[in-house]
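# I need the structure of the sequence given here:
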Amino acid sequence: MKKITYLFILLSVSFLSMQAQEYKNGIGVHFTGLDFYGPQTGNYFFHDKVNKETNEIQRRLAWDPSIRVSYWHMFNKRFDLNAGINVAALQYPASDKDSNFILAKLGANTLKNEVPYIAIDTKLNFNILPKIEYMVSPYVTAGLSFSMREKHSGLDIPAGLGINIDLGKGVFLNWESDYRVAVSSVNQSHVSHSLGFVYWWKSSKEVKTPVLKAPEPVMIKDTDNDGIADADDACPTIPGKKEMKGCPDRDNDGIADNEDLCPDTKGLKQYNGCPDTDGDGIQDSKDNCPTVAGLAKYKGCPIPDTDGDGFNDEVDKCPQVASSTNSGCPEIKQED
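Predicted structure coming up:
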């Protein structure tokens, strides 16, 4: 039993705390009962009326029916403006404890003097439970009312209680009761009870919370898409290597192509990227014998041996005559 009770309470709280949409303005139509008989006699709500035809006593409401049209505006979740106009046809008491009025209500006096009655009121509501947070929202209300009938007009101060029930899609069921204290001497205090519907709509001037946008990233220009910004790229239109300052090195000799005189052949830095295959200190492009070490004075070729006797021309005393002895010269016989 305790579990069922707890579940019922939990569901009730969840139902009452349903999140309603936030509305700004509303318009309502209300069926109202105006009770002047209660303050006149102290008997509110029902009274005993004599049926003239059957002489039977019947219990009836002492209220006069009227129609009220209202305008609502929400300042914030706690405070609403509630303004409206009430229209009715009724017998208005001429004074406090008006015997003619009381007898007419009891049915003992057939003399009635019903006149058009208009009341314009403006009230401020304090929501005990905000409408935007709860489905059922009670409130207290107070304000000022200006009424007119025939040649008379005056002021009343209404104060009372009300309740709004959210039916969905901006429609609320509204009940309100207030006691209207007469301020003007020609007015009489009375009670007003109303039941109606209020339709709320969202304001078109609803303030939107500005959305902060993240700063847009700075776009770095990299024409050749090699990962090196054009401002730091020595070759901005040709993809290259970071260690070459953005320039290519096709032969991978550590010398950028724009500084390499032999960009397709791996070479040495002292020769501006050109090779020295035989290592004789003469780059291949200027070496007539690039694969054989030689001397600069022979354009990179070794010292020649014209007669092929194994003595190079620089040490061969007979460079034109082959001889393997006698410093490259043929041996002279004794008898000669």
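# could you use CA atoms for every contact and neighbour count after this?
Will do.
# did I read that right, residue 38 in a helix?
Yes: using DSSP: H, G, I helix; E, B strand; the rest coil, the assignment for residue 38 is a helix.
# buried stuff in stretch 102-122?
Neighbour counts over stretch 102-122 (16 or more other C-alpha atoms under 10 Å) mark 102, 104-107, 117-122 as buried.
# er, stretch 157-177 I mean
Within stretch 157-177, the residues that count as buried by 16+ other C-alpha under 10 Å are 157-166, 170-177.
# just give the nearest non-adjacent residue to residue 292, would you?
Nearest non-adjacent residue to residue 292, counting by C-alpha to C-alpha, 6 or more residues apart in numbering: residue 278, 5.4 Å away.
# what's the following helix or strand after the helix or strand of the chain with the lowest mean pLDDT?
Every helix and strand in the chain was compared by mean pLDDT, DSSP states H and E; the lowest is helix 2-16, with a mean of 42. Going down the chain from helix 2-16, the next helix or strand is strand 25-35, by DSSP states H and E.
# pLDDT weak spots in the stretch 1-150 of the chain?
Scanning the stretch 1-150 of the chain for pLDDT under 70 picks out 1-22, 48-55, 57, 108-112.
# and the buried residues of stretch 102-122, which of them are in strands?
Judged by DSSP state E, those include 117-122 as members of strands.
# quick check: what element follows the top strand by length along the chain along the chain?
Identified as the longest strand of the chain according to DSSP E is strand 152-168. The helix or strand immediately downstream of strand 152-168 is strand 171-182, counting by DSSP H and E.
# relative to strand 152-168, how tilted is that next one?
Inter-element angle recorded for strand 171-182 and strand 152-168: 160 degrees (by axes from the mean of the first three to the mean of the last three C-alpha atoms, to 10 degrees).
# can you list the strands that strand 171-182 pairs with?
The strands beside strand 171-182 in its sheet (DSSP bridges) come out as strand 152-168 (antiparallel), strand 190-201 (antiparallel).
# which of those sits closest to residue 301?
Closest to residue 301 of the strands paired with strand 171-182, according to C-alpha to C-alpha: strand 190-201, at 102.8 Å.
# for residue 41, which non-adjacent residue is spatially closest?
Distances taken as C-alpha to C-alpha, 6+ apart put residue 97 closest to residue 41, at 6.9 Å, once the chain neighbours are dropped.
# how many other residues sit next to the one you found?
Neighbours of residue 97 under the rule other C-alpha atoms under 10 Å: 14.
# and it, helix, strand or coil?
Recorded secondary structure, residue 97: coil (three-state DSSP).
# is it true that it touches residue 42?
No: in this structure, residue 97 is not within contact of residue 42 by C-alpha atoms under 8 Å, at 10.0 Å.
# could you pull up the residues touching residue 302?
By C-alpha atoms under 8 Å, 6 or more residues apart in numbering, the residues touching residue 302 are 292-295.
# top of these by neighbour count?
Among those, residue 294 has the most neighbours (other C-alpha under 10 Å), with 21 neighbours.
# for it, give its distance to residue 269.
As judged by C-alpha to C-alpha, to the nearest Å, residue 294 and residue 269 stand 21 Å apart.
# flag every buried residue along stretch 262-272.
Result for stretch 262-272 [16+ other C-alpha under 10 Å]: buried residues 262-263, 266-268, 271-272.
# relative to residue 127, which of those residues is nearest.
Nearest to residue 127 among these, with distances taken as C-alpha to C-alpha, is residue 263, at 86.2 Å.
# tell me the pLDDT of the residue nearest in space to the middle of the chain.
By C-alpha atoms, centre = their mean, the chain has its centre lying nearest to residue 211, at 5.3 Å. Looking at residue 211, its pLDDT reads 74.
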